[in-house]
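Colleague: Below are the sequence and a predicted model for it; my questions follow.
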Amino acid sequence: MLSLLKTIRDPIASWWSEFTLQTKLLAVATLVVSLVMSGLTFWAVNTIQQDARMNDTRFGRDLGLLLAANVAPLVAENNLTEVAQFSQRFYSSTSSVRYMLYADETGEIFFGIPFWEAEVENSLTIKRRIQLPEDYPGDGEKPMVRQHMTPDGAVTDVFIPLIVNKKYLGVLAIGINPNQTAVISTNFTRDVTIAVFITIWVMVILAGVINALTITKPIKELLVGVKQIATGNFKQRINLPLGGELGELILSFNEMAERLERYEEQNIEELTAEKAKLETLVSTIADGAVLIDNNMQVILVNPTAQRIFGWEAADVVGRNVLHHLPPSVQVEITRPLYEMAAGECESAEFRIFINQPTPRTIRILLTTVLNVQRESIKGIAITIQDITREVELNEAKSQFISNVSHELRTPLFNIKTYIETLHDYGEDLALQERQEFLQTVNHETDRLTRLVNDVLDLSKLESGRNYSFDGVDLAQAIEQTLRTYQLNAKDKGVELLQEVAANLPLVMGNYDLLVQVFGNLIGNALKFTKAGGKVAIRAYQLDFKPSHTQSSPVRIEISDTGIGIATEDQHSIFERFFRVENRVHTLEGTGLGLSIVRNIIDRHRSKVHLVSEVGIGTTFWFDLAAFEEKAPAIQVEPIAEASKITTG
């Protein structure tokens with residue numbers, strides 16, 4: 001069966017494909033008109049037939065009820081002669097009645113027209129019974145109407161129960177011929193419809209022939225133009241001198257092609273601009289960005305990602321990203337990448353340490369890229385964040401807490417130990433021993449106080465507090481610092497020297513912070529300089545100018561002839577809690593002084609430097625900008641870079 005259908009379908013499809021567009025349109029239009037007219041014809045004829053059947057049904061029911069009302073009393077009196085005469089007269093005067101049958105309550109026919117059994121009865125006559133419908137109610141009071149087809153047309157059968165004084169006597173069956181007027185009307189409607197149908201076909205064919213002669217060439221030209229537009233050739237135009245609707249169609253086509261051409265040019269420019277913006281944005285973000293497709297092929301990579309993974313000299317676009325990632329990264333993200341490409345998860349995050357090309361800690365974020373409807377995965381975005389500094393800062397914070405705890409524990413333990421000893425054995429100890437214990441407690445208390453003060457000072461500097469900067473007289477600040485440490489230097493046998501240039505200009509700074517810097521540096525110098533040594537503080541103006549609008553900066557140097565700082569310690573000397581005495585095991589300190597110094601100097605937009613040699617001495621120096629008389633006092637906020645350095 002399928003092969004037969006295919007055999008029939010293929011020739012029809014081949015035959016249909018050979019027709020031109022206008023021929024196909026004409027055929028389709030003709031078919032549609034034919035179907036519409038056929039449907040209207042069927043509907044009209046069917047409606048007329050239904051109305052005729054309904055009228056026949058009503059007429060038969062009314063006629064049967066009328067006849068039954070007249071003969072039922074005669075049947076009840078068993079006056080069959082009068083029934084026959086009345087029925088004969090009724091049958092002769094009514095042409096619509098085809099037959100009349102009378103049956104008793106058992107269904108046996110005792111009279112009928114057009115035959116009358118009593119007149120033709122003989123020894124061979126067979127008793128006849130009426131065949132009532134299966135759904136006939138029997139002794140019901142309402143008549144039953146049905147229709148059946150005969151060679152001469154449809155006949156309406158009416159079955160009327162004969163009831164007198166609520167006694168069922170039998171049934172009267174009447175056959176009603178169809179209404180000839182309705183039949184004639186139906187045939188006429190059918191004939192007219194067929195004529196109209198044929199006329200429409202003729203008109204359509206004639207119109208098709210005429211139109212085919214006038215629109216074939218324009219349609220072909222339009223077909224060629226549409227194909228050119230579909231291929232992207234928006235320069236296609238149609239030049240045919242036609243009027244009317246075809247002329248408007250060709251004109252509209254040319255306008256459409258012109259607009260598409262302009263839109264394409266504008267769209268290409270916008271797409272190019274958007275692509276350039278996107279590439280610029282991706283290339284300038286601080287995080288690394290890599291975009292791959294579902295096959296792990298690299299679509300886009302920005303310079304940050306190239307620098308982190310060492311791809312500067314490698315062309316990874318269009319290649320499998322897993323073949324170019326560092327081994328530690330490849331091991332971690334291979335399986336999640338394939339799971340995301342399969343739609344099993346939408347995002348993932350990893351923290352990985354890599355050795356190549358530079359040791360660093362990175363955070364990798366994987367995110368699926370979905371289409372506009374968010375139904376299918378178009379790729380995977382890989383974001384790489386360099387968190388090396390963050391990790392170092394976290395470690396520094398942990399180290400800071402650990403160091404503070406350790407530094408606080410030692411003096412607190414000593415204080416508690418000596419106080420408990422005095423409390424428990426105070427009466428048994430000699431006066432000199434008690435004084436030594438109290439002196440130790442006092443010493444440890446001072447040490448604890450210095451540590452707390454240094455921590456508070458460093459916390460203030462790094463907390464974001466603003467300081468007012470104005471012109472500062474360095475000579476006055478240096479003089480105040482030297483007076484503070486003069487007695488300490490005399491006790492240790494160290495000579496304090498002051499070399500401040502005459503006519504030194506004011507510098508831009510904060511007086512209290514600079515005094516704290518001088519105090520920390522001179523205090524350290526005195527602590528690490530033996531008796532007979534020297535500590536000098538110098539201030540002088542440099543010869544060069546940073547710019548033609550600014551004065552030359554002022555340099556401050558603090559030098560000593562102390563034990564010096566080893567080369568391997570110089571890069572760590574400004575870190576928190578780093579102390580040279582940890583190596584030489586001679587003196588004490590909090591390890592925060594130089595960290596405070598560096599933080600303060602950073603706030604002054606400068607850098608502190610040192611030159612040192614073990615056994616010879618150390619020199620710290622930094623430059624301060626000269627104060628401009630017309631410049632107003634300013635509020636200086638913490639510098640991000642300075643915060644990074646001091647928390648290293």
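Modeller: Cool, the structure landed.
Colleague: quick one: the strands in the stretch 451-600 of the chain?
Modeller: Assigned by DSSP state E, counting those that start in this stretch, the stretch 451-600 of the chain shows strands spanning 467-472, 495-500, 507-509, 534-541, 554-560.
Colleague: for the stretch 301-450 of the chain, same thing?
Modeller: Listed in chain order (using DSSP E, counting those that start in this stretch), the strands of the stretch 301-450 of the chain are 347-354, 360-370, 377-386.
Colleague: CSV for these, including mean pLDDT and distance to residue 595?
Modeller: To be clear about C-beta, it is placed using only N, CA and C from the backbone, and glycine gets the same treatment. Supplementary listing: these in CSV, determined by pLDDT from 0 to 100; distance: least, C-beta to C-beta, whole Å:
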stretch, mean pLDDT, distance to residue 595
strand 347-354, 88, 28
strand 360-370, 88, 24
strand 377-386, 87, 25
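Colleague: Work out for me the element residue 65 sits within.
Modeller: helix 21-76 (DSSP states H and E).
Colleague: distance between that helix and the chain's centre?
Modeller: Computed by C-alpha atoms, centre = their mean, to the nearest Å, the separation of helix 21-76 from the middle of its chain amounts to 63 Å.
Colleague: Show me what counts as buried in the helix or strand just after that helix.
Modeller: Counting by DSSP H and E, the next helix or strand C-terminal to helix 21-76 is helix 80-93. Across helix 80-93, burial judged by 16 or more other C-beta atoms under 10 Å covers 83-84, 87, 90-91.
Colleague: Let me see the mean pLDDT of the helix holding residue 65.
Modeller: Averaging pLDDT along helix 21-76 gives 75.
Colleague: what is the orientation angle of that helix with helix 80-93?
Modeller: Using axes from the mean of the first three to the mean of the last three C-alpha atoms, to 10 degrees, the direction of helix 21-76 lies 150 degrees away from that of helix 80-93.
Colleague: What helices and strands are in contact with helix 21-76?
Modeller: With contacts defined as 3 or more C-beta pairs under 8 Å, 6 or more residues apart in numbering; DSSP states H and E, the secondary structure elements packing on helix 21-76 are helix 80-93, strand 97-104, strand 144-150, strand 153-164, strand 167-176, helix 180-230.
Colleague: Now render the ones you listed as a markdown table, adding mean pLDDT and distance to residue 618.
Modeller: As requested, the helices and strands packed on helix 21-76 are arranged in a markdown table below (pLDDT from 0 to 100; distance: least, C-beta to C-beta, whole Å):
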| stretch | mean pLDDT | distance to residue 618 |
| --- | --- | --- |
| helix 80-93 | 82 | 149 |
| strand 97-104 | 82 | 142 |
| strand 144-150 | 77 | 130 |
| strand 153-164 | 81 | 132 |
| strand 167-176 | 82 | 138 |
| helix 180-230 | 70 | 83 |
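Colleague: what would these look like in CSV with distance to residue 366?
Modeller: Conversion of the helices and strands packed on helix 21-76 to CSV gives the following (distance: least, C-beta to C-beta, whole Å):
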stretch, distance to residue 366
helix 80-93, 100
strand 97-104, 92
strand 144-150, 80
strand 153-164, 81
strand 167-176, 88
helix 180-230, 40
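Colleague: To residue 24, which of these lies closest?
Modeller: Closest approach to residue 24 among these (C-beta to C-beta): helix 180-230, 10.7 Å.
Colleague: what's the closest of the strands of the stretch 301-450 of the chain to residue 28?
Modeller: Ranking these by proximity to residue 28 (C-beta to C-beta) places strand 377-386 first, at 41.6 Å.
Colleague: got the CA positions of that closest one in CSV?
Modeller: As requested, C-alpha coordinates have been extracted for strand 377-386 and formatted as CSV (Å, rounded to 0.1, in the frame of the first residue of the first chain):
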residue,chain,number,x,y,z
ILE,A,377,24.3,26.4,26.7
LYS,A,378,26.4,28.5,24.3
GLY,A,379,29.7,28.3,26.1
ILE,A,380,31.5,28.7,29.4
ALA,A,381,33.1,31.8,30.9
ILE,A,382,36.3,31.3,33.0
THR,A,383,37.2,34.2,35.3
ILE,A,384,40.6,34.2,36.9
GLN,A,385,41.4,36.3,39.9
ASP,A,386,44.9,36.8,41.2
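Colleague: ok, the closest residue to residue 385 other than its chain neighbours - how many residues close by?
Modeller: Of all residues beyond its chain neighbours, the one nearest residue 385 is residue 363 (4.4 Å), with distances taken as C-beta to C-beta, 6 or more residues apart in numbering. Residue 363: 16 surrounding residues under other C-beta atoms under 10 Å.
Colleague: Determine which of the helices and strands packed on helix 21-76 approaches residue 505 most closely.
Modeller: With C-beta to C-beta as the criterion, residue 505 lies closest to helix 180-230 of these, at 78.9 Å.
Colleague: For this structure, which residue occupies the most central location?
Modeller: Centrality entry for the chain: nearest residue to the mean C-alpha point is residue 374, 5.9 Å, by C-alpha atoms, centre = their mean.
Colleague: What score does that residue have for pLDDT?
Modeller: With respect to pLDDT, residue 374 scores 72.
Colleague: separation between it and residue 42?
Modeller: 52 Å (C-beta to C-beta, to the nearest Å).
Colleague: Likewise for residue 555?
Modeller: 113 Å.
Colleague: and if you look at residue 79?
Modeller: As judged by C-beta to C-beta, residue 79 and residue 42 stand 52 Å apart.
Colleague: cool, and residue 327?
Modeller: According to C-beta to C-beta, residue 327 and residue 42 sit 81 Å apart.
Colleague: and if you look at residue 333?
Modeller: When C-beta to C-beta is the yardstick, residue 333 and residue 42 sit 71 Å from each other.
Colleague: neighbour count winner among those two?
Modeller: For residue 333 against residue 42, the residue with the higher neighbour count under other C-beta under 10 Å is residue 333, and the figures read 21 against 12.
Colleague: Tell me who's in contact with residue 64.
Modeller: The contact partners of residue 64, by C-beta atoms under 8 Å, 6 or more residues apart in numbering, come to 143, 158-160, 172, 174.
Colleague: I misspoke; the intended subject was residue 412.
Modeller: Residues in contact with residue 412 (C-beta under 8 Å, 6+ apart) are residue 448.
Colleague: Quick check: closest non-adjacent residue to residue 320.
Modeller: In space, and not counting its chain neighbours, residue 320 is closest to residue 296: 5.0 Å by C-beta to C-beta, 6+ apart.
Colleague: okay, now that neighbour: neighbour count?
Modeller: 17.
Colleague: Double-check residue 604 against residue 511; I have them as touching.
Modeller: No: Residue 604 sits out of contact with residue 511 when judged by C-beta atoms under 8 Å, with a separation of 11.8 Å.
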